[in-house]
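Trainee: sequence and computational prediction follow.
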Amino acid sequence: MHSKWKIWDFFKSHDHSLDSGDEGVHSFYAFDPLVSKLFIERIPRNILEGNKLNILIGNEITEQWVEDNLLSLGLFGNSESYLIHFAEKIPKNVQQLFLSGNLISDSRFVILVFNELNDFAKQLQKSDVVNSIEVTPPMFWENKELLEFFSSYLGVYLSYEASQLIIDSIEPGCSEYYNLLNQLQINFPDKNIDKDMLLEVMEKNKMDQFELAALFSSRKFNEFYSLLIERLKDNGFYSFNYFMQSHLLKMLDTSYLDGKKKLSKYDRQILSDAKKWNRHSLVRAIGYFKKLEVLLRENDEVFMHTLKKDYLKSF
């Protein structure tokens, strides 16, 4: 069975992502990784055998693993539940086993979480033995609904002026709204947020991003990691990571500046710092920030350990 939802409708209609009685194979795809994170967080552990959800990555799944864990009960039986991140990376020869309908899953959950709506995900959506959920992106006129959802989800109450300012000045997106609202919650707990409070946090966030980007792109890595680790104590990473990848892409191709009559201070910094990098190094740097985003989604501790290790390597 396949169903499509807007993010605000899905979480309004479901107190939990899954409930007891929903055992079986599930497929989940969302337009934004943050939505997948919220979905996973709302899976109640008390409906799982041993209150445990075993986490795997798609490219780790082999035919032998499926045969041992999902096609047979084994000597002592097996009712453990599994969540497979990046299910689009499950090898093609293994995909057919999931599509066969022969998996033993009556007493446990097998959850495939997709980052891409590839052919395998679309085939699962057509399957009669898979519960498939797809969370679709907001239309361009639904930014207000997206912001209201995250405000309600995080318990952050915005004045009309503050809400309108966010819609007018912030790049619409789950991570952008979530991180800003999370920072407002940290800085002004249990308060109704007015325009002045919002501007204070927005300005601080803007300064942090440009400062950190300038340190990295000028290859001052030691200072960059030191400041980033310090700022992560009270600021989200997703929004900065989005900004950082955009910043590096501008350095990779500075032709977007050709049509500008007057260059801003930021534009001039892009041109200056781009000379310190070659194309290969910039592509690797963009890939590095994508890797950090994946690590954060998978495991907070591994993410922080990686940052601290890279900080020590920068000396």
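Mentor: Arrived safely.
Trainee: tell me how many other residues crowd the residue nearest to Lys191 when sequence neighbours are not counted.
Mentor: Counting by C-beta to C-beta, 6 or more residues apart in numbering, the nearest residue to Lys191 once its immediate chain neighbours are dropped is Met197, at 7.3 Å. In short, each C-beta sits where N, CA and C put it, glycine included. Using other C-beta atoms under 10 Å, Met197 has 17 neighbouring residues.
Trainee: could you list every helix and strand in contact with the host helix or strand of Met197?
Mentor: Per DSSP states H and E, Met197 falls inside helix 195-217. Here helix 195-217 touches helix 160-169, helix 174-187, helix 221-231, helix 238-252, helix 265-274, going by 3 or more C-beta pairs under 8 Å, 6 or more residues apart in numbering; DSSP states H and E.
Trainee: for Val25, find the nearest of these.
Mentor: Of all those, helix 174-187 sits nearest to Val25, with 26.2 Å by C-beta to C-beta.
Trainee: one step back: hmm, the residue nearest to Lys191 is touching Ile186, no?
Mentor: No - if you go by C-beta atoms under 8 Å, Met197 and Ile186 don't touch, sitting 11.9 Å apart.
Trainee: contacts only, for Ser36.
Mentor: Applying C-beta atoms under 8 Å, 6 or more residues apart in numbering to Ser36 gives the contacts 28, 30, 113, 115, 297.
Trainee: now, which of these sits nearest Trp5?
Mentor: Ala30 (9.3 Å).
Trainee: tell me the mean pLDDT for stretch 3-23?
Mentor: Per-region confidence: stretch 3-23 scores 92 on mean pLDDT.
Trainee: grab the nearest non-local neighbour of Ala162.
Mentor: The shortest distance from Ala162 to any non-neighbouring residue, by C-beta to C-beta, 6+ apart, is to Leu198 (4.4 Å).
Trainee: buried ones in stretch 3-20?
Mentor: Judged by neighbour count (16 or more other C-beta atoms under 10 Å), stretch 3-20 contains these buried residues: 5-8, 10-11, 17-18.
Trainee: likewise stretch 152-170?
Mentor: For stretch 152-170, a neighbour-count test (16+ other C-beta under 10 Å) marks 156, 158, 162-163, 165-166, 170 as buried.
Trainee: how long is it end to end?
Mentor: 18 Å (C-alpha to C-alpha, to the nearest Å).
Trainee: picking that back up, so who does the residue nearest to Lys191 touch?
Mentor: By C-beta under 8 Å, 6+ apart, the residues touching Met197 are 162, 184, 187-188, 191.
Trainee: do the same with Val110
Mentor: Residues in contact with Val110, defined by C-beta under 8 Å, 6+ apart, are 24-26, 70, 81-82, 84, 103.
Trainee: bridging residues for it?
Mentor: Applying DSSP bridges to Val110 gives these bridge partners: Val25, Tyr82.
Trainee: do you know how far Asp267 is from Met304?
Mentor: Distance from Asp267 to Met304, counting by C-beta to C-beta, to the nearest Å: 33 Å.
Trainee: what of Asn102?
Mentor: Taken as C-beta to C-beta, the span from Asn102 to Met304 is 41 Å.
Trainee: again with Gly24
Mentor: Distance, Gly24 to Met304, using C-beta to C-beta: 35 Å.
Trainee: more neighbours: which of these two?
Mentor: Between Gly24 and Met304, counted using other C-beta under 10 Å, the more crowded position is Gly24 (17 against 14).
Trainee: so the more buried one touches Ile104, yeah?
Mentor: No - using C-beta under 8 Å, Gly24 makes no contact with Ile104, being 10.4 Å away.
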